[in-house]
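[1] For reference, the sequence and a predicted model appear below.
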Amino acid sequence: MDALLEGYRRFRATTWPAERARYEALARWGQSPETMVIACSDSRVDPQTVFNAVPGEIFVLRNIAALVPPYEPDAHYHGASAAIEFGVRVLKVRKLVVLGHGQCGGVRAMALGAPPEARDFVAQWVDLARPARGAAASADKDARLAAVEAEVVRLSLANLITFPWVKEAVEAGRLKLYGFRFDIHTGVLLEVQPGGERPVE
Ligand SMILES: [Zn+2]
């Protein structure tokens, strides 16, 4: 706990005075982020850091492997879908970004099996990404996982379109969808496209 509280004290001593006006305005007027980012919970891939964003700039959902489930309006507890609904229907974000990453433990769990001690929820959750497994054409294991990671981003983008109000907003031009994958080794952000990936200049 000490390291966290030391971090908080540094925040109060340096970040807060510099950012105080911004926080006060956000408190007064509320948040109106233009972008929502769906990212992995992985501690190395913080979207606020990767996009060098400021408080109030991005509305963030993080979960294992940055997965978007399909639209299933039933009585179960849908945390991911609730965040997407809030971002799209209430905050009316203009851009919706799925941010996958290299060395993703969630994608690895889907492709190679979940850790035995994480079978209550993780195994079933990462199974959502199963349709992406077919992308693993390469012989090299790392390249195979990278291809699956990119395909998982495409799958999450496709699942977003199953939400009727996402589809409607995209078709009306009010919302744009983007997919990226962050390479932890090199710090390079790759744009995930239908047939491949392209480093962001
Ligand atoms: Zn991950």
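    Perfect, I can see it now. Numbers count the residues shown, from 1 in each chain.

[2] Give me the most central residue, this structure.
    A centroid search over the chain (Cα atoms, centre = their mean) returns A39, at 1.7 Å, as the residue closest to the centre.

[3] and the helix or strand encompassing it, which residues are buried?
    Element membership for A39, per DSSP states H and E: strand 35-40. For strand 35-40, burial by neighbour count (16 or more other Cβ atoms under 10 Å) applies to T35, M36, V37, I38, A39, C40. C-betas here are computed from N, CA, C, even on glycine.

[4] Could you do stretch 110-124 as well?
    M110, A111, A114, V122.

[5] And stretch 157-166, by the same measure?
    L157, N159, L160, F163, V166.

[6] out of those residues, what pair is the most spread apart?
    Largest separation among the buried residues of stretch 157-166 by Cβ to Cβ: L157 and F163, giving 11.6 Å.

[7] Against A147, how distant is A83?
    To A147, A83 is 27 Å away according to Cβ to Cβ, to the nearest Å.

[8] nope, A27 is what I meant
    Counting by Cβ to Cβ, the gap from A27 to A147 is 44 Å.

[9] The two - which one has more neighbours?
    A147 (19 against 10; other Cβ atoms under 10 Å).

[10] Please name every helix or strand in contact with the longest helix anywhere in the chain.
    Longest helix in the chain, counting residues (DSSP state H): helix 141-160. The contact analysis (3 or more Cβ pairs under 8 Å, 6 or more residues apart in numbering; DSSP states H and E) places helix 141-160 against strand 95-101, helix 105-112, strand 176-183, strand 188-192.
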